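> Provided below for reference: sequence and predicted model.
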Amino acid sequence: MTNAQSIDFTDRQVVNAMWVVNDGVMGGVSQSQIRHDSNGVIIEGIVSLENNGGFASARSPATFHRNTALLEIMVKGDGKQYKFLLRTDSSSRTPMYQATFNAKDAWEVIRFKPSDFKASFRGRAVDASDVTFSDVKEVGILIADQQKGPFQIQLKYVQAVPVMP
């Protein structure tokens with residue numbers, strides 16, 4: 001279930017609330033799909049560089065408490081490089097925050113602090129202050145950076161880690 005402290009992707013309802021955003025929004029032909037698994041959501045597909053494409057992503061609604069110091073994700077992947085996405089506004093006209101990680105072929109917990117995220121708009125870096133986790137409205141996983149071909153990543157959860165008193 002989604003709450004202010006975690007997003008549990010082993011919950012089918014949480015996965016059903018997700019959506020795909022691929023390079024087709026800009027004329028590309030990359031493909032991806034989301035499917036539920038008892039171990040979490042599986043995001044898979046094929047990245048194509050045709051028609052100036054080259055990215056695929058999946059997104060989920062999110063909210064986190066004001067006292068969130070870190071976000072951690074539990075992932076297993078295919079060895080490729082991915083980006084953990086945060087959006088603080090539901091408008092596609094606002095910057096997105098991205099932190100890069102490699103998805104190993106074994107379950108791994110990766111922790112992110114606000115300064116790990118770099119602001120970008122339509123794939124280009126922009127000047128912005130560090131993200132505040134309590135402002136986040138959407139999280140996602142993105143594959144890009146000329147990594148053409150098949151991909152698969154599995155996400156078990158996104159967990160908020162509070163500031164220690």
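Looks like it arrived, so ask away. Numbering: from 1, shown residues only.

> helices and strands of the protein: which one has the lowest mean pLDDT?
strand 124-125 (a mean of 82; mean pLDDT, DSSP states H and E).

> Need the contact partners of it.
Lys118, Ala119 (C-beta atoms under 8 Å, 6 or more residues apart in numbering). To be clear about C-beta, it is placed using only N, CA and C from the backbone, and glycine gets the same treatment.

> thinking in terms of the whole chain, how far from its middle is it?
17 Å (C-alpha atoms, centre = their mean, to the nearest Å).

> Can you list the strands that it pairs with?
In the sheet, strand 124-125 lines up against strand 118-121 (antiparallel) (DSSP bridges).

> Now do the same for the partner strand: mean pLDDT, whole number.
Averaged across strand 118-121, the pLDDT comes to 91.

> which residues are contacting it?
So strand 118-121 is contacted by Thr94, Pro95, Met96, Tyr97, Gln98, Ala99, Ala125, Val126, Asp127, Ala128, Val131 (C-beta under 8 Å, 6+ apart).

> Just the pLDDT for the first one.
Reported pLDDT at Thr94 in the predicted model: 79.

> repeat for the fifth one
Looking at Gln98, its pLDDT reads 97.

> Isn't it up against Ile141?
No - counting by C-beta atoms under 8 Å, Gln98 does not reach Ile141; the two are 10.5 Å apart.

> out of these two, which sits in the more crowded spot?
Ile141 (28 against 21; other C-beta atoms under 10 Å).

> doesn't the more buried one fall inside a strand?
Yes - counting by DSSP: H, G, I helix; E, B strand; the rest coil, Ile141 falls inside a strand.

> Next one: it relative to Gln154, how far apart?
Ile141 sits 10 Å away from Gln154, going by C-beta to C-beta, to the nearest Å.

> Common neighbours of these two, please.
Looking at what touches both Ile141 and Gln154 (by C-beta under 8 Å, 6+ apart), the common residues are Ile43, Val75.

> Show me the shaky parts of the protein.
Within the chain, the segments meeting pLDDT under 70 span 1-4, 165.

> Same question for stretch 149-165: list its buried residues.
Residues of stretch 149-165 classed as buried: Phe151, Ile153, Gln154, Leu155, Lys156, Tyr157, Val158, Gln159, Ala160, Val161 (neighbour count, 16 or more other C-beta atoms under 10 Å).

> actually stretch 74-84, sorry about that
Met74, Val75, Lys76, Gly77, Asp78, Lys80, Tyr82, Lys83, Phe84.

> For the last one, give me its contacts.
It stands for Phe84. Going by C-beta under 8 Å, 6+ apart, Phe84 touches Leu71, Ile73, Gln98, Ala99, Phe101, Ile110, Phe112, Val139, Gly140, Ile141.
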